[in-house]
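*Asks:* quick check, what structure comes out for this input:
(2 chains)
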Amino acid sequence: MKVLVPIKRVVDPNIKVRVKADGTGVETANVKMAMNPFCEIAVEQAVRMKEAGTVTEIVVVSVGVLQCTETLRTALAMGADRAILIETAADVQPLAVAKLLKAIVDKEQPGLVITGKQAIDDDCNQTGQMLAALLGWPQAAFISKLEVAGDHADITREVDGGLENLTIKMPAVVTTDLRLNEPRYVTLPNIMKAKKKPLENIKPDALGVDVTPRLTTLKVEEPPKRGAGVKVADVAELVDKLKNEAKVI
Amino acid sequence: MAILVVAEHDNKQLKTGVANTIAAASKLGGDVSVLVAGSGCAEAAAAASKIAGVVKVLVADAPHYAAPLAENLAALVVSIAKNYTHVLAPATGFGKNFMPRAAALLDVAQISDISAIVSPDTFVRPTYAGNVMTTVQSKDPIKVITVRITGFDAAGAAASAAPLENIAAVADSGLSQFKGHELTKSTRPELTAARIIVSGGRGMGSGENFKLLEALADKLGAAVGASRAAVDSGFVPNDYQVGQTGKIVAPELYVAVGISGAIQHLAGMKDSKVIIAINKDAEAPIFQVANYWLVEDLFKAVPELTAAL
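*Replies:* Numbers count the residues shown, from 1 in each chain, chains lettered A, B, ... in the order given. Just a heads-up that it's a prediction; the model follows:
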């Protein structure tokens, strides 16, 4: 089975972003970028399935600027076989990403698509579900367990009250939650090997997809700051503050 | 304008967040209808009809709506969406699952996790783990929206019940099958509904040590939550997680114990009214958002606090 894993290049999750002075966006110049953590989990899942013999080929795909090549190379170093960059400098929103991915799925005919559940920059949590909709495929979002067995897959999903078990038909789109696996670190020999793996560069136009944004960003600002707090000396003072100052207990 | 709210429920009761989503819908200014799709869901539908601001409750009762499968729910929403300018659902695990699917089938964008409404086509939503507030405008004919429930106070009770109307189910997609739940059993309040939350992090050291927090929570009538580190370490189940990609909470009092305060955790709780933090590390970033903080070993401070209440 071939697996397609879409990945996104985002600001490193450990960096606290700053809003641009003119309020048009977030400062990304000279900011460390990384693979979206949920996408790393998706790549790891595909690699483990290949190691287990259920997957024969892993194709990773990213949508964005030329520098996404670095992110794709990281995925190749983790164990993916080849990469596709849909190169564009435009603001491509989840619905448009899903349409681009559908065009790739139509071409590549994978038996499974594994996406991250959410990108940690726009926090949208949409693309996997939208892709499943456009393909008319089943979806399993926020999964913590995946077992493919022929024409179906047994799934465990993280839901608000705990876990949910599903059986879905294949092919399908699944989106990863945190507990699915712990992604591996890439090793230097694998980084070297990844440089020789194929990486195709295509443009959105070539896929016949209109990527015009549906949402216009009017303003970007920092949230109101919380007021400075007070350090208390001991539990007695804490209880006193909660009772008599904050009046919450 | 006509607005549809998709209700999250267990066929008997509405989930926390439905009344908040209805409140958000009412702010748009238009008639608010609620869709209750379930199996034997009359009780949930009756509950929805008694929330202020609701003019009609649409009921789709069929065996294949017993569990909220994304494929079936999205198809049902799409079948009636043309009658509406806005479709809203809570940005909980429920809404996040099927709403993007419905939006894609309608060929419209989804506006995820809105925390404020500027006008019927303009919304504020947190991005970058809540460190950036983004105001977006939608040009789509139908606005598909998930609502951050902590951003809106719950709608109250209606003076009289809104009428119910049965609508046709869409055939079962057959694409996926619900097999069962493994739900965490607890007698404490739900995290997203609790007035007080006591949360533990990596500093708790083990699942066994969470008993200290449970004792404190029981004294306060609080829910128990956790940071991602505590969940990943296996101290507590996944549904305890508060944070950017877990549950977003805003209780009156949030007690953070042994939590360092990664930005992903702060994203889930920094809108709490009062935050207290207990950590032995005087440099812990959690102190930057705390109203009151105590630098002390939690294994000494927590039992003391429990005893003092």
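*Asks:* can you pull out the strands in chain A?
*Replies:* Using DSSP state E, the strands of chain A run over A:2-7, A:9-11, A:33-35, A:57-64, A:82-87, A:112-116, A:139-149, A:152-159, A:162-169, A:172-176, A:199-202, A:215-221, A:230-232.
*Asks:* I'd like those strands laid out as TSV, including mean pLDDT.
*Replies:* TSV is the format used below for the strands of chain A (pLDDT from 0 to 100):
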stretch	mean pLDDT
strand A:2-7	98
strand A:9-11	98
strand A:33-35	97
strand A:57-64	98
strand A:82-87	98
strand A:112-116	98
strand A:139-149	97
strand A:152-159	97
strand A:162-169	97
strand A:172-176	98
strand A:199-202	98
strand A:215-221	97
strand A:230-232	96
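*Asks:* tell me the buried residues in stretch B:231-240?
*Replies:* Neighbour-count burial for stretch B:231-240 flags B:231, B:233, B:235-240 (criterion: 16 or more other CB atoms under 10 Å in any protein chain shown). Every residue, glycine included, has its C-beta placed from N, CA and C.
*Asks:* now do stretch B:38-50
*Replies:* B:38, B:41, B:43-45, B:47-50.
*Asks:* is it true that residue B:191 touches residue B:197?
*Replies:* Yes: using CB atoms under 8 Å, residue B:191 is in contact with residue B:197, at 6.4 Å.
*Asks:* quick one on the thing from earlier: output the buried residues of stretch B:38-50 as JSON lines; include the columns pLDDT.
*Replies:* What follows is those, written out as JSON lines (pLDDT from 0 to 100):
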{"residue": "B:38", "pLDDT": "98"}
{"residue": "B:41", "pLDDT": "98"}
{"residue": "B:43", "pLDDT": "98"}
{"residue": "B:44", "pLDDT": "98"}
{"residue": "B:45", "pLDDT": "98"}
{"residue": "B:47", "pLDDT": "98"}
{"residue": "B:48", "pLDDT": "98"}
{"residue": "B:49", "pLDDT": "98"}
{"residue": "B:50", "pLDDT": "98"}
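*Asks:* could the strands of chain A go into a markdown table alongside mean neighbour count and distance to residue B:139?
*Replies:* As requested, the strands of chain A are exported to a markdown table (neighbours: other CB atoms under 10 Å in any protein chain shown; distance: least, CB to CB, whole Å):
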| stretch | mean neighbour count | distance to residue B:139 |
| --- | --- | --- |
| strand A:2-7 | 25 | 26 |
| strand A:9-11 | 21 | 26 |
| strand A:33-35 | 20 | 30 |
| strand A:57-64 | 23 | 21 |
| strand A:82-87 | 21 | 24 |
| strand A:112-116 | 28 | 26 |
| strand A:139-149 | 22 | 26 |
| strand A:152-159 | 21 | 33 |
| strand A:162-169 | 20 | 34 |
| strand A:172-176 | 28 | 27 |
| strand A:199-202 | 14 | 28 |
| strand A:215-221 | 16 | 7 |
| strand A:230-232 | 16 | 47 |
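*Asks:* my guess is residue A:123 contacts residue B:127, does it?
*Replies:* Yes: using CB under 8 Å, residue A:123 is in contact with residue B:127, at 5.2 Å.
*Asks:* how deep is residue B:291 tucked in, by neighbour count?
*Replies:* Residue B:291 is flanked by 22 other residues according to other CB atoms under 10 Å in any protein chain shown.
*Asks:* tell me the contacts of it?
*Replies:* Going by CB atoms under 8 Å, 6 or more residues apart in numbering or on different chains, residue B:291 touches A:226-227, A:229-230, A:246, B:274-276.
*Asks:* residues contacting residue A:221?
*Replies:* Residue A:221 touches A:19, A:23, B:132-133, B:135, counting by CB under 8 Å, 6+ apart.
*Asks:* if you could redo that for residue B:28, that was the one I meant.
*Replies:* Neighbour list for residue B:28: B:1, B:3, B:86, B:117, B:120 [criterion: CB under 8 Å, 6+ apart].
*Asks:* ok, the first one touching residue B:83?
*Replies:* No: counting by CB under 8 Å, residue B:1 stays clear of residue B:83, with 11.3 Å between them.
*Asks:* shared neighbours, those two?
*Replies:* By CB under 8 Å, 6+ apart, no residue touches both residue B:1 and residue B:83.
*Asks:* follow-up on the earlier one: distance to residue B:108 for the strands of chain A - can I get that in a markdown table?
*Replies:* A markdown table is the format used below for the strands of chain A (distance: least, CB to CB, whole Å):
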| stretch | distance to residue B:108 |
| --- | --- |
| strand A:2-7 | 21 |
| strand A:9-11 | 24 |
| strand A:33-35 | 29 |
| strand A:57-64 | 20 |
| strand A:82-87 | 22 |
| strand A:112-116 | 20 |
| strand A:139-149 | 18 |
| strand A:152-159 | 25 |
| strand A:162-169 | 25 |
| strand A:172-176 | 19 |
| strand A:199-202 | 26 |
| strand A:215-221 | 10 |
| strand A:230-232 | 47 |
